[in-house]
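Student: The sequence isn't on hand, but the structure is:
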């Protein structure tokens, strides 16, 4: 008998610049089965960043549309820029039985906990 397993949400939360990304990369290096959640942001792309790898870079109107349409699991304003986790990819990953790692701040963690407690 094969029992389907739903994935689990793993969260690494801290303020900006505290080392979340370094820890996330170390976790992913030890377990290739974990998928990293890629956030959307309205901030400008830095030279070393790739769209869809580091973030999905979107406009403020697109962010507001996604929020109004319920497409975001959590969102936050940090240093004048908006950041969020798109709902669809997270749901696809969990439904496929894979775990997903979040590299987010405390604001986002609280929202995820309120909305997705059973998956954390």
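Tutor: Happy to help now that I have it. Bear in mind that the values here come from a model prediction, so they are computed numbers and not experimental data.
Student: going forward, measure contacts and count neighbours with C-alpha atoms only.
Tutor: Noted.
Student: where do the strands sit along this structure?
Tutor: 9-13, 35-36, 40-41, 56-57, 72-78, 81-86, 100-104 (DSSP state E).
Student: now those strands as CSV including mean neighbour count, mean pLDDT and distance to residue 92?
Tutor: Listed next are the strands of the chain as CSV, based on neighbours: other C-alpha atoms under 10 Å; pLDDT from 0 to 100; distance: least, C-alpha to C-alpha, whole Å:
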stretch, mean neighbour count, mean pLDDT, distance to residue 92
strand 9-13, 19, 92, 12
strand 35-36, 19, 94, 11
strand 40-41, 22, 98, 17
strand 56-57, 19, 98, 17
strand 72-78, 19, 93, 13
strand 81-86, 21, 96, 11
strand 100-104, 22, 93, 10
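Student: will you turn these into TSV that also has distance to residue 120?
Tutor: Formatted as TSV, the strands of the chain follow (distance: least, C-alpha to C-alpha, whole Å):
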stretch	distance to residue 120
strand 9-13	5
strand 35-36	14
strand 40-41	21
strand 56-57	23
strand 72-78	13
strand 81-86	15
strand 100-104	10
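Student: right, and those - which one's nearest residue 115?
Tutor: With C-alpha to C-alpha as the criterion, residue 115 lies closest to strand 72-78 of the strands of the chain, at 7.3 Å.
Student: List the neighbouring strands of that closest one plus their orientation.
Tutor: Next to strand 72-78 in the sheet, as set by DSSP bridges, lie strand 81-86 (antiparallel).
Student: Let me know the angle separating the strand it pairs with from strand 100-104.
Tutor: Per axes from the mean of the first three to the mean of the last three C-alpha atoms, to 10 degrees, the angle that strand 81-86 makes with strand 100-104 is 170 degrees.
Student: Quick one: closest of the strands of the chain to residue 112.
Tutor: Nearest of the strands of the chain to residue 112, taken as C-alpha to C-alpha: strand 72-78 at 6.1 Å.
Student: give the contact list for the spatially most central residue of the chain.
Tutor: Centroid-nearest residue in the chain: residue 37, 3.8 Å away (criterion: C-alpha atoms, centre = their mean). Contact analysis of residue 37 by C-alpha atoms under 8 Å, 6 or more residues apart in numbering lists 85, 89, 90, 100, 101, 102, 103.
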